Structures are given as structure tokens and as C-alpha cells.
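S.K.: What would the 3D arrangement of this be:
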Amino acid sequence: MTTTTLAGMEIELDDEGFIVDPERWTEAMAADLARHEGIDPLTDRHWQVVRFMRCEYEAKGSGPTVRVLGKTSGVSVKELYQLFPRGPAKIAAKIAGIPKPRGCI
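M.R.: Numbers count the residues shown, from 1 in each chain. This is a model prediction of the structure:
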């Protein structure tokens, strides 16, 4: 585990860079997390996915897989890979401040 500063707050991250306590996440942190993943700026389409990930996590206790994300977020799988090239579900979850979805490597 490591500690980093996101949007002026000290936040604990796990070994893969996911926020340990999702309740501490704020939208202001998302830009810092996205830049760390090589995504800058966050567009409206990025935000649509990030907010969807947060809602799914809050409702179900876990983030959706890429397949579910592509079917239910309003963003196609093809576009998800354009927005988050290094793994849509994993990177979107990281930016959304939620744990890595099941099935992500």
C-alpha cells in the first residue's frame, strides 16, 4: 500500500493503484487519477463511464465488467477501448475510485 495526494487529499492506494477506501473518492480526484493513466482531459464521455461505474458500485458492491459496461452504460465496447485503451473496466474503475472489477487482470 502507498499513500498519494489526490486533489489535495492524502489517499491510500493498493498495490495496483486503486483507492483503498472508495468512500473517500471525490470527482476532483478523477482528473489526477486519469492523468496518471495517460488520459487528459476527461471528456463528457469519460465522465459518463466514470459516473456509471460509481453508480453500479454503489448499487451492487462491485463495478461492471467490460461486457456489461458496453451493454448498459450507453457507451459501446469499441468506444470504451478508445476512451480507456489500456483496459476499459479496470482503468475506468481506477479513475472512479472503486475496486477493480471481477475478471480484470
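S.K.: Now residue 19. Its backbone dihedrals?
M.R.: phi -60, psi 130 (degrees, to the nearest 10).
S.K.: shaky segments in the chain?
M.R.: Judged against pLDDT under 70, the low-scoring parts of the chain cover residues 105.
S.K.: go with 90
M.R.: For the chain, applying pLDDT under 90 flags the ranges 101-105.
S.K.: quick one: the helices in it?
M.R.: With helices called from DSSP state H, the chain shows them at 27-36, 44-60, 66-72, 77-83, 88-96.
S.K.: Export these as TSV, with columns for distance to residue 5 and mean neighbour count.
M.R.: Bear in mind the C-beta positions are built from the backbone N, C-alpha and C, glycine included. Below are the helices of the chain laid out as TSV (distance: least, CB to CB, whole Å; neighbours: other CB atoms under 10 Å):
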stretch	distance to residue 5	mean neighbour count
helix 27-36	8	18
helix 44-60	20	17
helix 66-72	29	16
helix 77-83	25	15
helix 88-96	16	26
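S.K.: wait, which of these is closest to residue 6?
M.R.: The closest of the helices of the chain to residue 6 is helix 27-36. By CB to CB, the value is 4.0 Å.
S.K.: what does the closest one rub up against?
M.R.: The contact list for helix 27-36 (CB atoms under 8 Å, 6 or more residues apart in numbering) reads 6-7, 9, 11, 17, 19, 40-42, 46-47, 50, 94-97.
S.K.: now with 6 Å?
M.R.: 6, 7, 42, 50, 95 (CB atoms under 6 Å, 6 or more residues apart in numbering).
S.K.: quick one on the thing from earlier: distance to residue 102 added to the helices of the chain, as a markdown table?
M.R.: As requested, these are exported to a markdown table (distance: least, CB to CB, whole Å):
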| stretch | distance to residue 102 |
| --- | --- |
| helix 27-36 | 20 |
| helix 44-60 | 11 |
| helix 66-72 | 10 |
| helix 77-83 | 17 |
| helix 88-96 | 9 |
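S.K.: Would you check how far apart the nearest residue to residue 7 once chain neighbours are set aside and residue 92 are?
M.R.: Using CB to CB, 6 or more residues apart in numbering and skipping residues adjacent in sequence, the residue nearest residue 7 is residue 28, 3.8 Å away. Residue 28 sits 17 Å away from residue 92, going by CB to CB, to the nearest Å.
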